[in-house]
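K.L.:
Sequence and computational prediction follow.
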Amino acid sequence: MECYNPLNDIAMLEKFFKDKRATKKHLEAPMLKERDEFLTFKLNQGRSQKRLLSIADYLLIIVEKLNLTDDDYRKVSIQEIEKAATEWSVYKMKRYKRHKPVPTAKKYFFEIAFVWLERIGRLDDLYTDKENILNRLFCQRRFRIRYLTYPMLSERISHLEKWENAGAARFTLREMSSYQLHIIDLLHIDDGRMITHEEICKAANAWMVSNPNRSADANIIHCRENFMVYAKDWLSSMGKYIPPTESFPLKENVMSYLVWLKESKGYSLQTVNMRYNMLKNFMTDMAPVNMHNISPQTLDTYIIHRSERDGCSRRTIANTVSVLRDFFSFGYMKGWNSDILIAALNRPRTYRHEDIPSYVPWETTRSILVKKSQDTGNGIRDYAIFLLLAIYGLRSSEVTGLKLTDIDWRKEQIFIRRAKSGRPQIMPLLPVVGEAILRYIKEVRYNKGKCEYLFLGRLAPHRPLTGGALNRMTRTELRKTGVVLKHYGPHSFRHGCATKLINTGFSLKEIADLFGHVRLDTTRTYAKADLTTLREVANMEWEDLV
């Protein structure tokens with residue numbers, strides 16, 4: 001291998017340095033070949049001789065301050081360059097007897113060192129590795145340096161990679177990385193402390209006012225909303241966010257009652273949340289100072305408000321009364337209130353089978369399925385969902401709770417977790433349903449995020465589909481058909497499925513097994529909607545039976 005001969009470059013260096021002592025100094029310093037190549041590169045870029053002299057001098061200083069040698073091939077980090085540049089600016093301050101460090105000296109040192117070390121492959125891999133998401137998001141050197149030298153680098157990269165894996169767009173990732181820096185500056189989260197919701201609101205207001213890019217009122221509000229969203233999301237992923245506490249009168253009593261329901265009576269989380277909302281509404285509307293402040297008149301006033309002001313049905317009022325009675329029974333057991341409140345609560349009379357279920361006619365269901373089978377894009381996902389609702393009669397939470405592992409393609413089976421009873425159930429996977437789900441997984445579903453749930457949202461970060469989104473989807477499709485229903489939610493398809501099966505001739509036991517009902521009385525509700533059988537009974541020749 002041919003050795004590098006410094007004498008070959010004396011002619012070129014003499015063009016730069018007329019002083020022989022300066023030429024000798026540059027030739028004897030380490031890393032001559034690398035410095036010479038960089039000067040030639042800058043010369044070919046059209047740099048002036050004065051600029052080349054300055055670069056050559058800075059290269060000597062960089063070699064000295066960073067302790068670079070020909071035999072040592074270590075990688076240099078930006079932190080080392082930053083420290084050396086600061087020391088050099090302080091040195092120039094003392095040399096020229098200035099009061100503050102020279103910012104231009106630090107800037108030139110840093111820029112020349114970064115470009116040179118990157119060119120010769122001596123810069124830390126963190127700043128050259130294309131796998132680093134920040135290097136991929138920002139191509140310009142000044143932006144890369146800014147984002148890679150800011151505090152909490154690993155935490156920022158981890159959060160950005162999570163969103164990238166969830167399918168976030170490049171623009172969103174760049175915007176998020178920018179807001180991360182503002183969040184660090186305004187909330188000082190690099191000290192590891194927990195951040196409250198109130199602190200985020202205060203910081204968002206400060207950012208809204210100080211943001212130099214705002215140009216209109218709409219942009220100001222948009223900046224504040226973005227700051228709030230990105231701050232809460234990032235802090236929550238790090239476990240540093242303290243959400244706002246929801247307060248209402250006698251909350252401690254309500255929470256004590258709910259803990260008793262879950263731990264002592266074994267109520268499900270869904271039931272506990274439902275009772276929490278009902279009791280919270282009662283306490284918020286009546287605003288009692290203490291439990292002894294609640295009187296029978298207070299209860300009567302609330303029940304009247306629920307009926308007249310809120311327009312609640314008789315069954316809703318009955319459920320509310322039942323919850324309040326149970327709560328005050330617990331309070332009487334704890335000594336919070338007297339038994340007068342329990343006796344004052346009377347449920348309105350209801351009948352077990354008084355309401356005819358609101359169901360989607362099978363002709364309407366069929367028209368929706370035919371239309372959805374021809375859709376593309378997100379309609380492919382909706383088609384698979386409508387099939388599960390219409391054919392299997394699944395509840396909303398049973399659809400959104402389906403996971404990829406719940407489908408056994410070899411055995412052609414689907415595993416269902418029943419929402420109410422919690423009992424598992426294995427059902428045959430019908431070909432039309434299996435083909436629809438498989439098409440959704442192959443063509444539409446975002447599979448890079450490795451989410452275990454089957455149905456995902458349309459927008460990044462592609463979280464599992466929620467019950468609210470499913471409810472909006474079914475309501476929109478049903479209203480397009482023009483059918484008049486009491487309820488337009490996904491449960492109306494369950495009622496329609498049961499009604500269709502009854503009219504087809506299936507027994508209550510078979511339908512109960514399909515729907516996961518524990519008692520036949522639950523399934524018997526749908527027999528009221530068996531209009532076909534009712535018409536046959538009405539058309540019977542009663543004279544022959546007399």
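P.N.:
Cool, the structure landed.
K.L.:
Excluding chain neighbours, give the residue nearest to residue 120 in space.
P.N.:
residue 34 (4.8 Å; CB to CB, 6 or more residues apart in numbering). All C-beta atoms are positioned from the backbone trio N, CA, C, and that covers glycine.
K.L.:
and if you look at residue 407?
P.N.:
residue 414 (5.5 Å).
K.L.:
wait, what's in contact with that neighbour?
P.N.:
By CB atoms under 8 Å, 6 or more residues apart in numbering, residue 414 lies in contact with 392, 402, 406, 407, 408, 426, 427, 428, 429, 433.
K.L.:
one more time with 10 Å, if that's ok
P.N.:
Shown in contact with residue 414 (CB atoms under 10 Å, 6 or more residues apart in numbering): 388, 392, 394, 402, 406-408, 425-430, 433-434, 437, 454.
K.L.:
Can you tell me the strand partners of the helix or strand containing it and which way each runs?
P.N.:
According to DSSP states H and E, residue 414 maps onto strand 413-417. Sheet pairing for strand 413-417, assigned by DSSP bridges, gives strand 407-408 (antiparallel), strand 424-428 (antiparallel).
K.L.:
In three-state terms, how would residue 375 be classified?
P.N.:
coil (DSSP: H, G, I helix; E, B strand; the rest coil).
K.L.:
residues in contact with the spatially closest residue to it that is not a sequence neighbour?
P.N.:
Leaving aside its sequence neighbours, residue 375 sits nearest to residue 383 (CB to CB, 6+ apart; 6.2 Å). Residues in contact with residue 383 (CB under 10 Å, 6+ apart) are 368-375, 432-433, 436-437, 439-440.
K.L.:
and those residues as CSV, adding secondary structure, neighbour count and pLDDT?
P.N.:
Shown next, in CSV, are the contacts of residue 383 (DSSP: H, G, I helix; E, B strand; the rest coil; neighbours: other CB atoms under 10 Å; pLDDT from 0 to 100):
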residue, secondary structure, neighbour count, pLDDT
368, helix, 23, 88
369, helix, 17, 88
370, helix, 10, 89
371, helix, 15, 89
372, helix, 19, 88
373, coil, 15, 88
374, coil, 8, 86
375, coil, 12, 85
432, helix, 14, 90
433, helix, 20, 90
436, helix, 23, 92
437, helix, 26, 93
439, helix, 16, 93
440, helix, 21, 93
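K.L.:
Name the nearest of the residues you listed relative to residue 60.
P.N.:
residue 440 (63.7 Å; CB to CB).
K.L.:
now that closest one: how far from residue 158?
P.N.:
According to CB to CB, to the nearest Å, residue 440 and residue 158 sit 30 Å apart.
K.L.:
cool, residue 408 as well?
P.N.:
35 Å.
K.L.:
now swap in residue 21 and tell me
P.N.:
For residue 21, the distance to residue 158 - CB to CB - is 53 Å.
K.L.:
now swap in residue 302 and tell me
P.N.:
For residue 302, the distance to residue 158 - CB to CB - is 49 Å.
K.L.:
Among the two, which residue is more densely surrounded?
P.N.:
Using other CB atoms under 10 Å, the more surrounded residue of residue 302 and residue 158 is residue 302, with 18 against 14.
K.L.:
Correct me if wrong: that one contacts residue 320.
P.N.:
Yes. In this structure residue 302 lies within contact range of residue 320 using CB atoms under 10 Å: 8.4 Å.
K.L.:
now the strand holding residue 414: mean pLDDT?
P.N.:
In this model, strand 413-417 carries a mean pLDDT of 86.
K.L.:
C-alpha coordinates for that strand, CSV please?
P.N.:
The C-alpha coordinates for strand 413-417 follow below in CSV (Å, rounded to 0.1, in the frame of the first residue of the first chain):
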residue,chain,number,x,y,z
GLN,A,413,-63.1,-20.7,14.3
ILE,A,414,-63.5,-17.3,16.0
PHE,A,415,-63.1,-16.7,19.7
ILE,A,416,-65.6,-14.3,21.4
ARG,A,417,-65.3,-12.7,24.8
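K.L.:
List the buried residues of it.
P.N.:
By neighbour count with 16 or more other CB atoms under 10 Å, strand 413-417 contains the buried residues 414, 416, 417.
K.L.:
Of those, which is the nearest to residue 71?
P.N.:
Closest to residue 71, out of all of the buried residues of strand 413-417 and judged by CB to CB, is residue 417, at 64.9 Å.
K.L.:
Mind listing the residues bridging to the closest one?
P.N.:
According to DSSP bridges, beta-bridge pairing links residue 417 with residue 424.
K.L.:
residues contacting it?
P.N.:
Neighbouring residues of residue 417 by CB under 10 Å, 6+ apart: 397, 398, 401, 402, 403, 406, 423, 424, 425, 516.
K.L.:
can you do 7 Å?
P.N.:
In this structure, residue 417 makes contact with 398, 401, 424, judged by CB atoms under 7 Å, 6 or more residues apart in numbering.
K.L.:
Save those as TSV, and put in distance to residue 447 and neighbour count too.
P.N.:
Output for the contacts of residue 417, formatted as TSV (distance: CB to CB, whole Å; neighbours: other CB atoms under 10 Å):
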residue	distance to residue 447	neighbour count
398	22	21
401	19	19
424	26	11
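K.L.:
Tabulate these in TSV, adding columns for distance to residue 25 and pLDDT.
P.N.:
Shown next, in TSV, are the contacts of residue 417 (distance: CB to CB, whole Å; pLDDT from 0 to 100):
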residue	distance to residue 25	pLDDT
398	79	86
401	74	89
424	81	79
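K.L.:
Closest one of those to residue 77?
P.N.:
residue 401 (47.1 Å).
K.L.:
how much space between the spatially closest residue to the closest one that is not a sequence neighbour and residue 227?
P.N.:
Closest residue in space to residue 401, ignoring its immediate chain neighbours: residue 417 at 5.8 Å, by CB to CB, 6+ apart. Note on residue 417: its distance to residue 227, by CB to CB, is 39 Å.
K.L.:
now do residue 439
P.N.:
40 Å.
K.L.:
How about residue 461?
P.N.:
Residue 461 sits 18 Å away from residue 227, going by CB to CB.
K.L.:
out of those two, which sits in the busier spot?
P.N.:
Counted by other CB under 10 Å, residue 461 and residue 227 do not tie: residue 227 has more neighbours, with 24 against 18.
K.L.:
ok, back up a step: Throw the contacts of residue 417 into a markdown table and include distance to residue 200, thanks.
P.N.:
Below are the contacts of residue 417 laid out as a markdown table (distance: CB to CB, whole Å):
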| residue | distance to residue 200 |
| --- | --- |
| 398 | 36 |
| 401 | 31 |
| 424 | 41 |
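K.L.:
Among the residues you listed, which one sits closest to residue 238?
P.N.:
With CB to CB as the yardstick, the closest approach to residue 238 among those comes from residue 401, at 27.4 Å.
K.L.:
Return the distance of the closest one relative to residue 452.
P.N.:
The gap separating residue 401 from residue 452 is 11 Å, by CB to CB.
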